[in-house]
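Asker: Sequence isn't available, so here's the structure alone:
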């Protein structure tokens, strides 16, 4: 028989329910997917592009690999409660660095109970969190640059679209309809949210309200985090994730070329997936120096972003460029 978790709501809890987009939730869930070594049908293109970079950066044997296994519990301190609707990674890392020592040790005790023991690296973190959390934060930044930052404009567009849809649903039909349709494993009745196959969610052990966090990599079911006195967090699969990595034709490339020029527009269309200067030169037939010059101009105009990946730099289209080309969701 499936387990059933229930989270009761008062009028005050409903008044404090809100949405947030969290970079750290995407870090944890995407890293877990990479560690599973599955050829995921939705994220296959992303996995094939990112796995070699993660290996080259030696992230498969670092802090994240020890804290985030392919399945099971992930320490709660890695997902601090977002303070606003869309915190940036720097803000969430600052919250992780400020985690009280007792909280870190509590979560590591729980991780040790699930796994049987902690490795040398995590035992050092347990002994002195203040000394080792900066190294963890530095590794998260490296992973972000290699695996998520080049794709963040596309991911963020899907997450924002989900929040917009849910907010409209809430405005037109109320909280009950919103929570009932958030996921098949969830139901709302009699001021109580029920989740199948989840551990207990007693309201007395959680903070007020509820943080709803759409995620591109969470799935197939929602994930929960309950760390008093913070509000409970519920990360759920965002709508539209199935189309996240599909190639998007540049509908307005001809009109854009009339303004930006053929070569710059060609580079933008080639950045359907992030790429280096050398790779873009090989694909387009442009000289490496010409590609570098054009990318600098596009970056200055806010149309591409640059992300360090080992010894190379990956360039990616920004949300502005996606919209300009007619690719925006």
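Answerer: Ah, there it is. Just so we're clear, the structure is a prediction, and the values are computed from it rather than from any experiment.
Asker: Run a quick check on residue 232 versus residue 212, I expect a contact.
Answerer: No. Assessed by CB atoms under 8 Å, residue 232 is found out of contact with residue 212, at 10.0 Å. Bear in mind the C-beta positions are built from the backbone N, C-alpha and C, glycine included.
Asker: which residues do these two both contact?
Answerer: Overlap of the contact sets of residue 232 and residue 212 (by CB atoms under 8 Å, 6 or more residues apart in numbering) is empty.
Asker: all strands for the stretch 101-250 of the chain, in order.
Answerer: Secondary structure of the stretch 101-250 of the chain, counting by DSSP state E, counting those that start in this stretch: strands at 186-189, 192-196, 211-215, 223-225, 233-237.
Asker: May I see these organised as TSV, with mean neighbour count and distance to residue 176 added?
Answerer: Formatted as TSV, those follow (neighbours: other CB atoms under 10 Å; distance: least, CB to CB, whole Å):
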stretch	mean neighbour count	distance to residue 176
strand 186-189	16	5
strand 192-196	18	10
strand 211-215	24	14
strand 223-225	20	19
strand 233-237	23	16
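Asker: Let me see the domain layout of this protein.
Answerer: Residue ranges for the domains of the chain, per automatic domain parsing: 4-20+155-243, 24-149, 253-325.
Asker: Save those domains as a markdown table, and put in mean pLDDT too.
Answerer: Converted to a markdown table, the domains of the chain look like this (pLDDT from 0 to 100):
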| stretch | mean pLDDT |
| --- | --- |
| domain 4-20+155-243 | 86 |
| domain 24-149 | 94 |
| domain 253-325 | 89 |
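Asker: With distance to residue 9 added, can I get the strands of the stretch 101-250 of the chain in CSV?
Answerer: Below are the strands of the stretch 101-250 of the chain laid out as CSV (distance: least, CB to CB, whole Å):
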stretch, distance to residue 9
strand 186-189, 9
strand 192-196, 7
strand 211-215, 13
strand 223-225, 15
strand 233-237, 12
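Asker: so which strand or helix has residue 307?
Answerer: strand 304-309 (DSSP states H and E).
Asker: Output the contacting helices and strands for the helix or strand just after that strand.
Answerer: Next in sequence after strand 304-309, counting helices and strands by DSSP H and E, comes strand 312-317. The contact analysis (3 or more CB pairs under 8 Å, 6 or more residues apart in numbering; DSSP states H and E) places strand 312-317 against helix 277-284, strand 304-309.
Asker: go with 6 Å
Answerer: Packing contacts for strand 312-317, counted by 3 or more CB pairs under 6 Å, 6 or more residues apart in numbering; DSSP states H and E, involve strand 304-309.
Asker: Pull up the pairing partners for the strand it packs on, direction included.
Answerer: Within its sheet, strand 304-309 is paired with strand 312-317 (antiparallel), according to DSSP bridges.
Asker: Name the residues that touch the partner strand?
Answerer: Residues outside strand 312-317 that contact it (CB atoms under 6 Å, 6 or more residues apart in numbering) are 150, 271, 274, 276, 295, 304, 305, 306, 307.
Asker: tally of neighbours for the fourth one?
Answerer: Right, residue 276. Residue 276 sits with 18 neighbouring residues when counted by other CB atoms under 10 Å.
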